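[1] Okay, predicted coordinates and the sequence, questions at the end:
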Amino acid sequence: MNRKLIYGLTVATLVLGIILGYLLIHRPPGAQVEFCPSTALIYVYLDDQQKSVADEITSNFKVILQQHGLNIINVPVCTIPASSLSRKLRVYPALLYRGNISALSMFTVGEVDGYKVLNPGISAYMASQIGIKPAFTYTAELYVVKGGAPFSEIKADESSIKYLADLLSLNLVANITMVQQASIDSLSINHTFTRLPTIIFKSSYNLSEGYTDVVTSLGGNFYAFREDITERILRYLETLGWFQAYETRIPPQPELLRKGVVLGESDNVMYILEDYHCPWCARLINAAGDMLYSYAKTGKLQIVFVDLIVHPEVLSMHALTKCVYNYTKEGDVYFSVSRELYSMLIAGTTTTLSDANKTLMKYVPKSIIDACTLELNKYQADAQAFSYNLTQQGFTGTPTLIFWNTKTQKCLIVEGCLDVQTCITEQQISQIISWLQG
């Protein structure tokens, strides 16, 4: 729990949903002590505004710790000016302490003049929560590194870029002085990024010092947020429409995804993570079905349909159609049945297991459907476990389109749709295939 607490405190200001799961409780201001005893929480301020909120910030901090089983409520507070210390701190206001306070030891990242310095992300967070903009002494340049794949370039106007800089400054605990886009080849970084686009920072300061739980060094004055934090930031930017897809340098999970329903043979693989009640999945198959089928039959694409259960009520339908596929190994049958079910959804019918049964009767013998009905519970459990494994890999929405070339090892992931009308157009797929093969 201690690790979770420091993680929550240091990155909670990200608007991607990493917010502390508890309510700040404001205690009445306590009396300021006139001296610093041997054991005390130290509040360091830069100006009168920061000094005026010392009680509120330190009281809130004590309450948060208490809610997590770390009690320092009775520890006295000393308020001191920044000028009284022999060196600058990374952020103001800053939280330090003196003496042996075991509840704070896990957050300690350094020492100055006999005071132990708490993680700067905590100080920045506590100030921001009461509307005080923290003052940072470090500066950094922000590089938005674009991918080489189609649709993987971040596009944002000037006001959006400023918003991004302000947001990331708070979490980097440093002032971002410049924002620019760059290609991975234009930067001399000896590091393999798991996905592009991404965001990195350059600074003459050691941005990871005392902040290694959030920021990692890439070498050569380049830094990045920890990978999972970067991923959350990028997912948030994707929801804002800043980019539509991301290129990954790590292959998809073949042992997992290859368990889907296969249609066609090609080095170019298109995995479709689907759910029978997903309206955009329905739009994709309804609008682009002929094209996808043609591409699969002519060797341009191998299409693999993968169950990602988002709506629990479709579990039995997916279990039945997957079971029938395992009996027949006919991807054409699966595609035809799924296409009819999606057509019903487009027409306004909320499909059920009964609809799946009736549709399957057109394509396969009743004996196979009966056999699968007997195995339905097993296939439902398999589909549920399979979907859970996918979510653990970071796939949470449908449709998710994963394009992969088995020879070039290139991969592009589209979470959602690229086109408002058809989900994805033939021109867009052609662009992606050309890139996969290049």
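    Yep, that arrived. Numbers count the residues shown, from 1 in each chain.
[2] My read is that H191 contacts G219, right?
    Yes. At 7.0 Å, H191 and G219 qualify as touching, with contact defined as CB atoms under 8 Å. Every C-beta, even on glycine, is put in place using the N, C-alpha and C of the backbone.
[3] These two - which one has more neighbours?
    Remark: of H191 and G219, H191 carries more neighbours, 14 against 10, as counted by other CB atoms under 10 Å.
[4] Give me the distance between S354 and L65.
    55 Å (CB to CB, to the nearest Å).
[5] Spell out, range by range, the strands that occur in the stretch 51-200 of the chain.
    For the stretch 51-200 of the chain, applying DSSP state E, counting those that start in this stretch gives strands covering 77-81, 91-92, 94-98, 108-112, 115-118, 135-136, 139-146, 175-183, 195-196, 198-202.
[6] do the stretch 201-350 of the chain as well
    In the stretch 201-350 of the chain, the segments counted as strands under DSSP E, counting those that start in this stretch are 215-219, 222-225, 246-248, 261-263, 268-274, 302-307.
[7] quick one: contacts of the top helix by length along the chain?
    Using DSSP state H, we find that the single longest helix of the chain is helix 279-297. For helix 279-297, contacts defined as CB atoms under 8 Å, 6 or more residues apart in numbering pick out 263-264, 266, 270, 272, 274-275, 301-303, 331, 335, 338-339, 342-343, 345-346, 398-399, 416-417, 421-426, 429.
[8] so what are the domain limits for this protein?
    Domain assignment for the chain by automatic domain parsing gives 2-135, 139-243, 254-437.
[9] worst average pLDDT in the ones you listed?
    Ranked on mean pLDDT, the bottom entry among the domains of the chain is domain 2-135, at a mean of 81.
[10] which residues does E426 contact?
    E426 neighbours (CB under 8 Å, 6+ apart): A288, M291.
[11] Next, find the distance separating it from M344.
    Using CB to CB, E426 is found at 25 Å from M344.
[12] Check T400 too.
    T400 sits 22 Å away from M344, going by CB to CB.
[13] Tell me which of these two has more neighbours.
    Counting neighbours by other CB under 10 Å for T400 and for M344 shows that T400 has the greater number, 20 against 16.
[14] If the more buried one is in a bridge, with which residues?
    L273, E415 (DSSP bridges).
[15] My read is that Q129 contacts S59, right?
    No. At 11.9 Å, Q129 does not count as touching S59 under the criterion of CB under 8 Å.
[16] in this structure, which spans are helices?
    Using DSSP H, helices in the chain cover 2-11, 48-52, 54-67, 120-128, 158-172, 227-239, 254-257, 279-297, 315-328, 331-346, 353-360, 366-374, 376-392, 426-437.
[17] buried stuff in the fourth one?
    In other words, helix 120-128. Within helix 120-128, the residues scored as buried using 16 or more other CB atoms under 10 Å are P120, G121, I122, S123, A124, Y125, M126, A127.
[18] ditto for the last one
    Buried positions in helix 426-437, judged by neighbour count with 16+ other CB under 10 Å: Q428, I429, Q431, I432, I433, W435, L436.
[19] Which of those residues sits closest to E375?
    I429 (35.2 Å; CB to CB).
[20] contacting residues for the closest one?
    Counted by CB under 8 Å, 6+ apart, I429 has contacts M270, M291, Y295, L301.
[21] again, only this time at 10 Å
    Applying CB atoms under 10 Å, 6 or more residues apart in numbering to I429 gives the contacts P150, N268, M270, A288, M291, L292, Y295, K300, L301, L401, F403, L418.
[22] nearest to V75, of those residues?
    Taking CB to CB as the measure, L401 is the one of the contacts of I429 closest to V75, at 54.1 Å.
[23] residues touching that closest one, list them.
    L401 neighbours (CB under 10 Å, 6+ apart): 245, 270-274, 284, 412-418, 423-424, 429, 432.
[24] rerun that using 7 Å as the cut-off
    M270, I272, V414, I424 (CB atoms under 7 Å, 6 or more residues apart in numbering).
[25] Serialize the contacts of I429 to CSV and add fields for distance to D213.
    As requested, the contacts of I429 are exported to CSV (distance: CB to CB, whole Å):
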residue, distance to D213
P150, 35
N268, 40
M270, 38
A288, 44
M291, 47
L292, 45
Y295, 46
K300, 46
L301, 43
L401, 34
F403, 34
L418, 36
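[26] Pull out the buried residues from those.
    Among the contacts of I429, the ones that count as buried by 16+ other CB under 10 Å are P150, N268, M270, A288, M291, L292, Y295, K300, L301, L401, F403, L418.
[27] picking up where we left off before, what about S354 and L65, which has more around it?
    Taking neighbours as other CB under 10 Å, S354 and L65 compare with L65 leading, 19 against 10.
[28] Does the more buried one touch I101 like I think?
    No. Look at L65 against I101 with CB atoms under 7 Å: they stay out of range, at 10.1 Å.
[29] Can you pull the residues that touch both of the two?
    Taking CB under 7 Å, 6+ apart as the criterion, L65 and I101 both touch I72.
[30] can you pull the contacts of the nearest residue to F395 once chain neighbours are set aside?
    Leaving aside its sequence neighbours, F395 sits nearest to L273 (CB to CB, 6 or more residues apart in numbering; 5.8 Å). Applying CB under 7 Å, 6+ apart, we find L273 in contact with V306, L308, L390, F395, T398, P399, T400.
[31] can you count the residues close to T349?
    Close neighbours of T349, defined as other CB under 10 Å, add up to 11.
[32] err, V112, not the other one
    Neighbourhood size, V112 [other CB under 10 Å]: 16.
[33] where's it relative to I368, distance?
    V112 is 74 Å from I368, where distance means CB to CB.
[34] And S316, by the same measure?
    S316 sits 16 Å away from I368 when distances are taken as CB to CB.
[35] if we can go back for a sec, reformat the buried residues of helix 120-128 into JSON lines and put distance to R90 next to each item.
    Shown next, in JSON lines, are the buried residues of helix 120-128 (distance: CB to CB, whole Å):
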{"residue": "P120", "distance to R90": "4"}
{"residue": "G121", "distance to R90": "10"}
{"residue": "I122", "distance to R90": "11"}
{"residue": "S123", "distance to R90": "8"}
{"residue": "A124", "distance to R90": "9"}
{"residue": "Y125", "distance to R90": "13"}
{"residue": "M126", "distance to R90": "14"}
{"residue": "A127", "distance to R90": "13"}
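[36] closest to S159 among those?
    Distance ranking of the buried residues of helix 120-128 against S159, using CB to CB, places A124 first at 23.3 Å.
[37] thinking again about what came up before, among the helices of the chain, which is the most enclosed?
    Among the helices of the chain, the stretch with the highest mean neighbour count (mean count of other CB atoms under 10 Å) is helix 120-128, at a mean of 25.
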